[in-house]
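Undergrad: coords please:
(chains A and B)
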Number of protein chains: 2
Amino acid sequence: MALSDRQRLDWLRLIRSESIGPRSFRSLMNRFGGAAAALDALPGLARQAERDIRICPAGEAEREFEGLARLGGRFIALGETEYPVPLQAIDSAPPLLAVLGRAEVLQRPGVALVGSRNASAAGMKFTARLARELGEADFIVVSGLARGIDTAAHEASLETGTVAVLAGGLDEIYPPQNIPLARRILERGALVSEMPLGWVARARDFPRRNRLVSGLSLGTVVVEAARRSGSLITARFANEQGRLVFAVPGSPLDPRAEGGNHLIREGATLCAEAAHVIEALQPLRQRELALSPAPRLMREAPGEPAPEAMWDELDLPEIEPAPGYARHEDGFELQPPSSLPTTAPADSGRRVLDLLGPTPIALDDLVRASGLPAGEVGHVLVELELTGAIRRHPGGTLSRLAP
Amino acid sequence: MALSDRQRLDWLRLIRSESIGPRSFRSLMNRFGGAAAALDALPGLARQAERDIRICPAGEAEREFEGLARLGGRFIALGETEYPVPLQAIDSAPPLLAVLGRAEVLQRPGVALVGSRNASAAGMKFTARLARELGEADFIVVSGLARGIDTAAHEASLETGTVAVLAGGLDEIYPPQNIPLARRILERGALVSEMPLGWVARARDFPRRNRLVSGLSLGTVVVEAARRSGSLITARFANEQGRLVFAVPGSPLDPRAEGGNHLIREGATLCAEAAHVIEALQPLRQRELALSPAPRLMREAPGEPAPEAMWDELDLPEIEPAPGYARHEDGFELQPPSSLPTTAPADSGRRVLDLLGPTPIALDDLVRASGLPAGEVGHVLVELELTGAIRRHPGGTLSRLAP
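TA: Below is the predicted model of the structure:
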């Protein structure tokens, strides 16, 4: 199946109309037989509901098509042969997936690697090893382009193929320091998003995006995660989608291991090496991705809120408004474009400190993980050492002192 | 039920006779109706089997009774009201359990805490916390008096009650440096053994003993254990005995976490805090210890050798012959007593190094964990620092550098 240009435009208008999400899109399509008929019916439905629903004008949808084409990307529609099969199997599969880069990687089986933005260097080292070995075993690595674990996962699978799912539009890479990484991903992998071009991710868009990270993958591995974190949301989505959930264990004395240990207690598979993931996913891969919402793998604690209810309670990244958007009480709103804001200087000290844990790591690894110039890292380390926050060891390794 | 003195003597003679273990003891008792009749029948059975079986003479058994009484201990027989109910439920329950100290602690529900002899200071800290909290929750802590995790478990539960199960006789404390700890255990806890007085544990006696550690307990917690270790044998016994198995997770980059992570993958319950053990055991405690060999909790890997077959392959402690014993090819044999050997000087450097891991710990904790004089630890630390093996941190903490 492939949509005609006209159908594709109608699909985009429908999904970009006010109050229409993937689920209501699907029910409108089922009720009216197609997007054009649904668009015709929408004003009447809105009147019945005594609401005023903004319908996306054809010109606006056309401009989005053109803008995406100019970036070098395109839309893949639900039901088209190129649409990723595992994603198609989830309830809330986006009708149109904007893809930049090599769309063909989406045909290969994927594993999601997710974890803390404030990861330890040891956690990032383990993630890199895992991503490399999964890539060698012909899995694509799916993640969210965030700092920390996501970054380590993408970087270690650039050669074998990696997919970054964005919470904003494909032209709104977040965080900005990962724009170079995003460019390198495009060479052999892909960036995907369900959001319009120009959309700057709000806090609530990140957990929403996470369902695509798990949905694109046969399994999700949580590497380092605090007890309340977006990674645990991804794990919960994976579970609800009938996918395997893996978690990397850690010492009970390490707060960054709390989320993973908690998941394992809830029924996630303990992952201490890539083989644990590969072995578990092998049967799924052989079944040619014949996925269906499987029985729940994890216990649900009674009274625990559903993912949606948890979204707003999460410790999600604080996002500055992008150019053309202003901060409002509960998110961002489009405003007349003004001059480009200057990027706030990165808090390099914080970044370097967050990368360090009790396990000593080499300066080279630290510089690489930080993404900062070596000179700047050196400068920062001197300050951190003076405050007693870190320690240099013989042989050039560094560790963070227990607070 | 309580045995008469005469019965008790016959029981001891029977179990101390050649080739008679707890299982053959039980089948002889069932066949002949009592120990006296079984002893009478033994020579005939031996002739039938064309074997020469040494039967323990009455005088030897009497001397063991007297020796145990002189130590302040006594035997509790299987079936007597004081015999620990959970132990009674296992296949190979010893007919007579030699007990020193407060036998009444054996009436309280127990949790076994076991782990590596070469534990990290972090592992011992976690063990101590766990043992303390289990004690506060009215569990006795059962372990094997070994160095490392066992020692930390006993020490932290001295006040609330702890039981050390010895692999040798009650007068043959191993390791010798834990003799002072054994004395303190007696104040509110107990030492138990199924072996004769004067018996110095051979390598194979340790795994055999481990079935009693798990058998005395409602659950077994493995704290830090390498992939092939005696602690995993204890966990396997616990599983076979229908008891709960818990394991403490750790980073996949930490070799001391391999055993625990492996157990969790096999189905053991992840333990990151005492509550995880207490909650799981609460229902068992309420059922008044009504234990029975329950269904297997852990998967058995196909082709994996049974515990017995693994005993000799294990990395078990190297034991020096005790006074009066000489080393033979496969164990120790009694020899005419000679002068007491001098204890070989402890390798303090190795001991201190083994206690350190990547997580910095305080010097005080290190000295305490090492059991060495503070001055000696200080001397050792200077050497280790010079070789670059460890690092001092501001605030007086120390850590080991990754090799």
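Undergrad: phi, psi of A:Ser399?
TA: Here is the backbone geometry of A:Ser399 (degrees, to the nearest 10): phi -140, psi 160.
Undergrad: show me the beta-bridge partners of it.
TA: When assigned by DSSP bridges, A:Ser399 has beta-bridge partners A:Arg391.
Undergrad: tally of neighbours for it?
TA: A:Ser399: 26 surrounding residues under other CB atoms under 10 Å in any protein chain shown. Glycine gets a C-beta too; all of them are placed from N, C-alpha and C.
Undergrad: what about A:Leu232, distance to chain B?
TA: 15 Å (CB to the nearest CB, to the nearest Å).
Undergrad: for A:Gly250, that is, sorry about that
TA: Counting by CB to the nearest CB - A:Gly250 and chain B are separated by 5 Å.
Undergrad: residues near the closest residue to that residue other than its chain neighbours, how many?
TA: Nearest in space to A:Gly250, with sequence neighbours left out and distances taken as CB to CB, 6 or more residues apart in numbering or on different chains, is A:Ala257 at 2.4 Å. By the criterion of other CB under 10 Å, A:Ala257 has 27 neighbours.
Undergrad: whatever residue of the stretch 101-250 of chain A ends up closest to chain B: neighbour count?
TA: Closest to chain B within the stretch 101-250 of chain A is A:Pro249: 3.3 Å, counting by CB to the nearest CB. The tally of other residues near A:Pro249 (other CB under 10 Å) stands at 29.
Undergrad: and A:Pro255, by the same measure?
TA: 12.
Undergrad: repeat that for A:Arg6.
TA: A:Arg6 has 10 neighbours, counted by other CB under 10 Å.
Undergrad: again, but for A:Val248
TA: Considering only other CB under 10 Å, A:Val248 is surrounded by 33 other residues.
Undergrad: what helix or strand is A:Val99 located in?
TA: Counting by DSSP states H and E, the element that carries A:Val99 is strand A:96-101.
Undergrad: same for that strand, what does it pack against?
TA: helix A:5-15, strand A:74-77, helix A:179-188, strand A:190-193 (3 or more CB pairs under 8 Å, 6 or more residues apart in numbering or on different chains; DSSP states H and E).
Undergrad: that strand - what's its average pLDDT?
TA: Strand A:96-101 carries an average pLDDT of 98.
Undergrad: so how far is it off the chain centroid?
TA: 14 Å (CA atoms, centre = their mean, to the nearest Å).
Undergrad: ditto for stretch A:26-33
TA: 29 Å.
Undergrad: what sits up against that stretch?
TA: With contact meaning CB atoms under 8 Å, 6 or more residues apart in numbering or on different chains, stretch A:26-33 is reached by A:14, A:20, A:35, A:38, A:40-42, A:95.
Undergrad: quick revisit: can you report phi and psi for the residue of the stretch 101-250 of chain A closest to chain B?
TA: phi -80, psi 170.
Undergrad: residue contacts, it?
TA: Counting by CB under 8 Å, 6+ apart, A:Pro249 makes contact with A:257, A:260-261, A:264, A:270, A:272, B:249-252, B:257, B:261, B:264, B:270.
Undergrad: with A:Asn118 instead?
TA: A:147-148, A:256, A:354.
Undergrad: re the thing from before, just the buried subset of the contacts of A:Pro249, please.
TA: Neighbour counting with 16 or more other CB atoms under 10 Å in any protein chain shown marks A:257, A:260-261, A:264, A:270, A:272, B:249-252, B:257, B:261, B:264, B:270 as buried within those.
Undergrad: and these, which of them are in strands?
TA: Within the buried ones among the contacts of A:Pro249, residues falling in strands by DSSP state E are A:270, B:270.
Undergrad: tell me how many other residues crowd A:Val114.
TA: Neighbours around A:Val114, by other CB under 10 Å: 31.
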